[in-house]
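Asks: what shape does this take:
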Amino acid sequence: MSVRARIDHLVTSGTFALDGGTWDVDNNVWIVGDDEEAVVIDAAHDAEAILAALGGRTLRAIVCTHAHNDHIDAAPALAEATGAPILLHPADLPLWKLTHPDRLPDGELADGEAVLIADVVLKVLHTPGHAPGAVCLYAPALGTVFTGDTLFAGGPGATGRSFSHFPTIIDSIRERLLTLPGETVVLTGHGGGTTVGAEASGLEGWVARGH
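Replies: Numbers count the residues shown, from 1 in each chain. Here you go, the predicted model:
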């Protein structure tokens, strides 16, 4: 049975800053919904560009996969423009406050929670490691998981900076993501996509290299 909901994709550019360093980055912004309503996954860098991509649809929520600044810097402006709530796992509040000390998220994401949009469900999977409150969003009806910076084509997200932990991200990927159907499409926070099956074969290699 076909579904109405579709996935739209926008790339925005800006900077990532943490631990005193700053890097130029391109971020994937994912919009999931139908012709009437949508959610935005990671409001990165450019609220005006995201608004344009929404095309007048009602924005139901701004879902943050984690609170590194490059994934949330446009969230307050987008929320102000649309009235949509910003949702974040509470374990990432310390990171959030580094970027937005005077504006808290509007709601909390919890492991196992269902975010409903159009005719699909986005299931929240808490996947700490890249950040304490990192989450992935699994849409079974779309055969897709949105992994933020937890899993990329070729390996796990970075764990060399504050609030991150390599053994934890490996556990998250092994237990929460590689248990999904192998054909599940992985849409990431930066760069190109992959599939769960393509990444499953590389897991032990990542562990051996201490990625």
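Asks: what about Ala4, how many neighbours?
Replies: Actually, residue 4 is Arg. It isn't Ala. 11 (other C-beta atoms under 10 Å). The C-beta positions use only the backbone N, C-alpha and C, and glycine is treated the same way.
Asks: in the helix or strand where Asn28 lies, what's buried?
Replies: Asn28 is part of strand 21-33 when elements are defined by DSSP states H and E. Buried residues in strand 21-33, counted by 16 or more other C-beta atoms under 10 Å: 25, 27-33.
Asks: any idea of the angle the helix or strand following it forms with strand 21-33?
Replies: Using DSSP H and E, the next helix or strand after strand 21-33 towards the C-terminus is strand 37-41. Angle, strand 37-41 to strand 21-33, by axes from the mean of the first three to the mean of the last three C-alpha atoms, to 10 degrees: 160 degrees.
Asks: CA atoms only for the strand holding Asn28, dumped as CSV, please.
Replies: What follows is strand 21-33, C-alpha atoms only, in CSV (Å, rounded to 0.1, in the frame of the first residue of the first chain):
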residue,chain,number,x,y,z
GLY,A,21,37.4,24.9,16.9
THR,A,22,35.3,25.9,13.9
TRP,A,23,34.8,24.0,10.7
ASP,A,24,32.9,24.8,7.5
VAL,A,25,30.1,22.2,6.9
ASP,A,26,27.3,21.2,4.6
ASN,A,27,24.3,19.8,6.4
ASN,A,28,21.4,17.7,5.2
VAL,A,29,18.0,19.0,6.2
TRP,A,30,15.2,16.4,5.8
ILE,A,31,11.6,17.3,5.4
VAL,A,32,9.0,14.5,5.8
GLY,A,33,5.4,15.0,5.1
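Asks: returning to that earlier point: and the buried residues of strand 21-33 as JSON lines, adding distance to Phe166 and pLDDT?
Replies: JSON lines is the format used below for those (distance: C-beta to C-beta, whole Å; pLDDT from 0 to 100):
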{"residue": "Val25", "distance to Phe166": "21", "pLDDT": "98"}
{"residue": "Asn27", "distance to Phe166": "23", "pLDDT": "98"}
{"residue": "Asn28", "distance to Phe166": "23", "pLDDT": "98"}
{"residue": "Val29", "distance to Phe166": "27", "pLDDT": "99"}
{"residue": "Trp30", "distance to Phe166": "26", "pLDDT": "99"}
{"residue": "Ile31", "distance to Phe166": "31", "pLDDT": "98"}
{"residue": "Val32", "distance to Phe166": "30", "pLDDT": "98"}
{"residue": "Gly33", "distance to Phe166": "35", "pLDDT": "98"}
